[in-house]
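Asker: Give the three-dimensional model of this entry:
(2 chains)
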Amino acid sequence: GENVEQHPSTLSVQEGDSAVIKCTYSDSASNYFPWYKQELGKRPQLIIDIRSNVGEKKDQRIAVTLNKTAKHFSLHITETQPEDSAVYFCAASMGYGQNFVFGPGTRLSVLP
Amino acid sequence: KAGVTQTPRYLIKTRGQQVTLSCSPISGHRSVSWYQQTPGQGLQFLFEYFSETQRNKGNFPGRFSGRQFSNSRSEMNVSTLELGDSALYLCASSSQGRGGEKLFFGSGTQLSVL
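Answerer: The predicted structure follows:
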């Protein structure tokens, strides 16, 4: 089955700096890769996603890149702000139904 | 629209007991999936229901089961509870349950097994 690895497990950056979180997946049949943000005590929420026919997608300060050959995808956050502090989960899906394999998460801390 | 609602919010049970968790999806959503969240393990997929049928199942023992009703509400049952079942159980709904749809999560049920 699919396996998703995520690095780093924790990340601390200064406010205004950039943050990068990387995920790798094992099953080349996976074709949809969302990123979810979970603030402390709250539910996970989708922040950006990318499909296998696209190499990069951007939404304001957030971008995701996908390398299908290497089977990895990354989340890039620029000009980080304290409200970006949260746990970020990447996930992979083969597109049939809602069967997602999540990475173990990255705890991002943005220091003022 | 109201969001995904999970009840109860907290549960404390003892080993060997059974428990039932409830999830009401966003109105109009037909797919409901369940995840177990534990520190360090992230979110582990339990199962997904669509139109009252289990469509996908994760790698959990048969003690974990679920069902979906005609109004798309879903319940998850865990029998013969073990200490390791302590976790946050999240349900998520999506409109058609097609691949690549956004998941809307509930706030979860925090289960503690003593």
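
Asker: contacts, neighbours, all on C-alpha from now
Answerer: Will do.

Asker: Check the secondary structure at whichever residue of chain B sits closest to chain A for me.
Answerer: Scanning chain B for the residue nearest chain A gives B:G99, at 3.6 Å (criterion: CA to the nearest CA). At B:G99 the chain is in coil, as set by DSSP: H, G, I helix; E, B strand; the rest coil.

Asker: In terms of helices and strands, where is the residue most central in space within chain B?
Answerer: Closest to where the C-alpha atoms of chain B average out (CA atoms, centre = their mean) is B:W34, at 3.2 Å. Assigned by DSSP states H and E, B:W34 belongs to strand B:31-38.

Asker: and that strand, average pLDDT?
Answerer: Taken as a whole, strand B:31-38 has a mean pLDDT of 95.

Asker: and the helix or strand of chain B with the lowest mean pLDDT, which strands flank it?
Answerer: Of the helices and strands making up chain B, the lowest-confidence element is strand B:53-57, at a mean of 90, by mean pLDDT, DSSP states H and E. Paired with strand B:53-57 in the same sheet, following DSSP bridges, are strand B:42-50 (antiparallel).

Asker: What residues of the partner strand count as buried?
Answerer: B:42-50 (16 or more other CA atoms under 10 Å in any protein chain shown).

Asker: Lowest-confidence one in those residues?
Answerer: Among the buried residues of strand B:42-50, B:G42 has the lowest pLDDT, at 86.

Asker: How about it: what's its closest non-neighbour residue?
Answerer: In space, and not counting its chain neighbours, B:G42 is closest to A:P104: 4.2 Å by CA to CA, 6 or more residues apart in numbering or on different chains.

Asker: Please, which helix or strand holds the one you found?
Answerer: Assigned by DSSP H and E, A:P104 belongs to neither a helix nor a strand.
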